[in-house]
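> Next come a sequence and a model predicted from it.
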Amino acid sequence: MSCEFDKETIEEVIHFHGHSCPGLSIGIRASELAKRELGDLPDSQLVCVTETDMCGVDAVQYLTGCTFGKGNLVHRDYGKMAFTFFNRETGQGFRCLFKPGEKGGKDGELSSLFREMASSASNELDQERYEKLRIKTKALIMSYDLDGLFEIMESLHVE
């Protein structure tokens, strides 16, 4: 199943964030999951607790309306690409944790190349390979079935 958000909306998210990357794609898909599971809640009702401060949070802010300024985006840095979404009025919600696997995980070639480039040990071939892998990883994330992309802990009741 590919992403439900239209191309124009995704382009707006990319513009808001400043670039397209796999992390942003994860946030787009987590936001899609929130809308699937909780419906189109008004900003005042939807809350997101993010366990990361990475790129995906920008997608969540843009697509769900959850922001730090409104108090409905809460950051708990556990170093995981995980998001808990819940309805403030009913307390119903869920937590979703990205399952990297073959979709560009920390143990993959993409991360290895990223570390090399950060240490100035990369060459032009490494940079080209890195860009190709980023494109492939983004495409996989955007096309993967939501239930396979995330470990979903449902039926949370937050009070």
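That came through fine. Residues are numbered from 1 along each chain as shown.
> so what does the host helix or strand of residue 27 touch, helix or strand wise?
Here residue 27 sits within helix 22-38, counting by DSSP states H and E. Using 3 or more CB pairs under 8 Å, 6 or more residues apart in numbering; DSSP states H and E, the elements in contact with helix 22-38 are helix 7-17, strand 46-50, helix 56-64, strand 82-87, strand 92-98, helix 124-143, helix 146-149, strand 150-157. For the C-beta atoms, the positions are set from N, CA and C on the backbone; glycine is no exception.
> Mind checking the ones you listed for the one nearest to residue 25?
Nearest of the helices and strands packed on helix 22-38 to residue 25, taken as CB to CB: helix 124-143 at 4.1 Å.
> burial of residue 35, as a residue count?
16 (other CB atoms under 10 Å).
> Next up, the contacts around residue 60.
Counting by CB atoms under 8 Å, 6 or more residues apart in numbering, residue 60 touches 27, 30, 31, 34, 48, 50, 66, 73, 83.
> quick one on the thing from earlier: how about TSV for the helices and strands packed on helix 22-38, with distance to residue 38 added?
Below are these laid out as TSV (distance: least, CB to CB, whole Å):
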stretch	distance to residue 38
helix 7-17	18
strand 46-50	7
helix 56-64	9
strand 82-87	6
strand 92-98	7
helix 124-143	21
helix 146-149	13
strand 150-157	11
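> TSV for these, including mean pLDDT and distance to residue 23?
Formatted as TSV, those follow (pLDDT from 0 to 100; distance: least, CB to CB, whole Å):
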stretch	mean pLDDT	distance to residue 23
helix 7-17	97	9
strand 46-50	96	12
helix 56-64	97	5
strand 82-87	96	12
strand 92-98	94	9
helix 124-143	84	9
helix 146-149	91	13
strand 150-157	79	14
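> What about the spatially closest residue to residue 12 that is not a sequence neighbour, how many residues nearby?
Nearest residue to residue 12 in three dimensions, chain neighbours excluded: residue 62, at 7.0 Å (CB to CB, 6 or more residues apart in numbering). Neighbour count of residue 62, defined by other CB under 10 Å: 21.
> Please tell me I have it right and residue 62 contacts residue 13.
Yes - contact criterion CB atoms under 8 Å: residue 62 and residue 13 qualify, at 5.0 Å.
> No further queries at this time; thank you.
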